[in-house]
Every structure is written in C-alpha cells, then in structure tokens.
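Undergrad: Just the structure for this:
(one chain, ligands or ions: 1)
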Amino acid sequence: MDQTAFLLGFAIMSLASLAIYATGKKTPPSGHHTLLHSSVPFIAATAYLAMAFGIGTLLKVDGSAVYVARYLDWSVTTPILLAGLVLLAFHEQGRTGEVGGHLTAIIVLDVLMIVTGLVSALAGPPLIKWVWYAWSCVAFLGVLYLLWGPLRAKAVERGAALGGAYNKNLAFLTVIWFLYPIVFLVGPEGLKIISDPASVWAILIMDVLAKVVYAFYAASNLEKALAQHADSRGDRW
Ligand code: RET
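TA: Next up, the predicted model:
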C-alpha cells in the first residue's frame, strides 16, 4: 500500500482536531461536545500514523492486509461519537441511571460491532468470516435501534429545537456509518471487488466525513438549537 493516503489522513486528522477545538465553544452548556469531537480526529491521527509505519498491519495468507490500527481507532472513536448523541438526547436532563444505562448499552453494542468486524476481517474460512460479519451487523442494528428508538424519543421530549438538532445529527451519522459495512463487504476483507488502495482511500474519505465534517455540522446544529431553546424558555446563556 502506498503511504500517501495514510500520511494525508494523519495530516488532515491532526489539523482537524486543532481546528475543532479552536473554533468550538469551551463553556457550558456545549463545551463538553467540543472536547468529545476534537478528541476523535486526534485518535484517528494516531491510527493513521501507525498505519503509515505499518504498525499493526497484518498480512493474511491470501496476501491481503488487515489494518488492526483502524479497528482500534474505531473502537474508541465510535463510542465517543455515540456519547455525543446520547448527551444531546438527554441535554441537561435525565437521571444518572437512565443516562448511564443508555450510554453503557450503546457503547457495549458498538464495541462488539467493531471487535466482531475485526474477527471477520481476520477469519480465513468464508463460513466463519460471514457468520462474524452478520453478527457485527446485528450489533450495528442494535446501535441504530437505540439511536432511532428510545434515544430519539428522549430528544424529541426536550422540545422542537433540541429534538431537531438530534434528528439532523442522527440522519447524517446514520448515512455515513452505513457506508462502512458496505466498503468492508466489497473490499479486500470481504468479496474483494475493490482493491486495497481503493478501500483505503474510500475509508479515508468516510473518516473525514464521519469525524471532521460531522463535528462541525453537529456543533452548528447544537448551537442553533441551544439558542432557540433558550429563546423559547426566555433564558439567556
Ligand atoms: C464493520 C465490519 C462489518 C460489519 C459492520 C461494520 C461496521 C462498522 C462501522 C464503523 C464506523 C466507523 C466510524 C468511524 C469514525 O470515527 C466493522 C465494518 C456493521 C459502522 C464512524
């Protein structure tokens, strides 16, 4: 694999982490979202640096590469992205047990989705590969159920402004996240319809959308919603 995509990924992610932090709100009620969203590309920059050096890159007997650093990145960054949505759904409300329970359940399902995806990528026999791929998809459906079902209902209870921001962020996140199992399916880990470099470039573009573009989009939706929410309650932040 030529290193350009990995080095570019490192450069984009490290600059994006700084840019998200520099331009984001630092104070309540949304400062914690800036911290969450700027940590995501910082983690990704670390993974791209590792991949550029070949660290954690395993070569299978069929000659294909499995980038373990990518799965380590996702197993940390996707829970952070989900935590942002859960905290938006419960924005400044919700019992500790209720918020903690939803966070724990969604993060457990999400980490299982990534770990079982890695097992599928590493598996040799096709039957084993596809059983683990299917199980990873089941965990993904669990994550989507929590986001579109109970958490969406909580967000909508918070009023039109916060509910609207949650819905916009959720729609963006869902569309981009669906691309990952598709690229895995057609890529070298799956049906081998697209080459390793094509899959690396596709994932780089998806990572920029899911981590960087999403961070700016989510922050702008949240700030607009908080302003409307404050107006509708007659408060000032
Ligand atoms: C895998 C393996 C096969 C089945 C499924 C997968 C889902 C991966 C997803 C990854 C999202 C990554 C993001 C990273 C950015 O920070 C593991 C490819 C369902 C949804 C958003």
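Undergrad: so which strand or helix has residue 111?
TA: Per DSSP states H and E: residue 111 is located in helix 96-122.
Undergrad: list the buried ones in the helix or strand that that helix is followed by?
TA: For helix 96-122, the following helix or strand on the C-terminal side (DSSP H and E) is helix 126-148. For helix 126-148, a neighbour-count test (16 or more other CB atoms under 10 Å) marks 129, 132-133, 135-137, 139-140, 142-144, 146-147 as buried. Bear in mind the C-beta positions are built from the backbone N, C-alpha and C, glycine included.
Undergrad: quick one: is helix 126-148 near the ligand?
TA: Yes: using CB under 6 Å from any ligand atom, helix 126-148 reaches the ligand at 133, 136, 137, 140.
Undergrad: farthest pair in the residues you listed?
TA: 133 and 140 (10.4 Å; CB to CB).
Undergrad: list residues touching both of these two?
TA: The contact sets of residue 133 and residue 140 overlap at residue 181 (CB atoms under 8 Å, 6 or more residues apart in numbering).
Undergrad: Okay, now the unreliable bits of this protein?
TA: 1, 234-237 (pLDDT under 70).
Undergrad: Show me where it has its strands.
TA: In the chain, the segments counted as strands under DSSP state E are 57-59, 65-67.
Undergrad: For the protein, give the residue positioned nearest to the ligand.
TA: residue 117 (2.4 Å; CB to the nearest ligand atom).
Undergrad: So that residue is in contact with residue 184, correct?
TA: Yes: using CB atoms under 8 Å, residue 117 is in contact with residue 184, at 6.7 Å.
Undergrad: quick one: which of these two has more around it?
TA: residue 117 (25 against 19; other CB atoms under 10 Å).
Undergrad: thinking residue 170 is in contact with residue 146, fair?
TA: No: under the criterion of CB under 8 Å, residue 170 makes no contact with residue 146, lying 10.9 Å away.
Undergrad: burial of the closest residue to residue 102 other than its chain neighbours, as a residue count?
TA: Using CB to CB, 6 or more residues apart in numbering and skipping residues adjacent in sequence, the residue nearest residue 102 is residue 86, 5.5 Å away. Residue 86 has 24 neighbours, counted by other CB under 10 Å.
Undergrad: Name all residues that make contact with residue 86.
TA: 99, 102, 103, 106, 151.
Undergrad: So it versus residue 220, what's the distance?
TA: For residue 86, the distance to residue 220 equals 19 Å [CB to CB, to the nearest Å].
Undergrad: In space, what's closest to residue 216 - neighbours in sequence excluded?
TA: residue 20 (7.2 Å).
Undergrad: pretty sure the one you found is touching residue 35, no?
TA: No: using CB under 8 Å, residue 20 is not in contact with residue 35, being 9.6 Å away.
Undergrad: More neighbours: which of the two?
TA: residue 20 (24 against 14).
Undergrad: In contact with the residue nearest the centre of the chain, which residues are there?
TA: Nearest to the geometric centre of the chain sits residue 78, at 3.5 Å (CA atoms, centre = their mean). Residues near residue 78 by CB under 8 Å, 6+ apart: 110, 113, 114.
Undergrad: Burial check on residue 103, number of neighbours?
TA: Neighbours around residue 103, by other CB under 10 Å: 16.
Undergrad: Sorry, wrong one. I was asking about residue 183.
TA: Here the number of neighbours of residue 183 (other CB under 10 Å) works out to 18.
Undergrad: Residue 38 now?
TA: There are 19 residues near residue 38, going by other CB under 10 Å.
Undergrad: hang on, isn't it packed against residue 20?
TA: Yes: proximity of residue 38 to residue 20 meets the contact threshold set by CB under 8 Å, at 4.2 Å.
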